[in-house]
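In: sequence? don't have it. structure:
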């Protein structure tokens, strides 16, 4: 399993970023994909989740933590084995290291390197 996150950076409050996560080593379409974040001194937090193709067919829906609803959009491209997180109207509270992972986790205790998002003026 390999997960490679990218797209982070420094952005001013109110700005936007689009994160990408390229996944290999498992059957991407069979798994839900999730974005998490971890701010300094805080626990890792689930930000958004998008169901697998099969789960979508049975009515599973996308999940967002309340603090990002209406601002973030998760999407996936099964042809590219990639999941995205479009982040708009960013605030300093969104500053964190952002990770993706599949669910259920295909390889226990494995996480990618993450991508740093810093929102600051």
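Out: That came in fine, so what should we check first? Model, not experiment: these values are computed from the prediction.

In: which secondary structure element contains residue 97?
Out: In the assignment (DSSP states H and E), residue 97 maps to strand 96-103.

In: contacting residues for residue 4?
Out: 21, 22, 112, 113 (C-beta atoms under 8 Å, 6 or more residues apart in numbering). Where C-beta positions appear, they are placed from N, C-alpha and C, glycine not excepted.

In: Quick check: which of these has the minimum pLDDT.
Out: Confidence by pLDDT is poorest for residue 112 among the contacts of residue 4, given 92.

In: so which of the contacts of residue 4 comes closest to residue 57?
Out: Of all the contacts of residue 4, residue 57 sits closest to residue 21, with 22.5 Å by C-beta to C-beta.

In: next one: phi and psi at the residue nearest to residue 53 when sequence neighbours are not counted?
Out: On the basis of C-beta to C-beta, 6 or more residues apart in numbering, the spatially nearest residue to residue 53 that is not a chain neighbour turns out to be residue 29, at 4.6 Å. The phi and psi values for residue 29, taken as degrees, to the nearest 10, are phi -70, psi -20.

In: Count the neighbours of residue 29 for me.
Out: Using other C-beta atoms under 10 Å, the number of residues around residue 29 comes to 12.

In: Repeat that for the one 4 residues further on.
Out: The local packing count at residue 33 equals 26, with neighbours defined by other C-beta under 10 Å.

In: Please list all residues in contact with the residue nearest to residue 53.
Out: 52, 53, 54, 78.

In: roughly how far apart are it and residue 4?
Out: Residue 29 sits 18 Å away from residue 4, going by C-beta to C-beta, to the nearest Å.

In: ok so, going back, what is the most widely separated pair among the contacts of residue 4?
Out: Taking C-beta to C-beta, no two of the contacts of residue 4 sit farther apart than 22 and 113, at 12.1 Å.

In: who has more neighbours, these two?
Out: residue 22 (17 against 11).

In: so that one bridges to which residues?
Out: Counting by DSSP bridges, residue 22 forms beta bridges with residue 4, residue 82.
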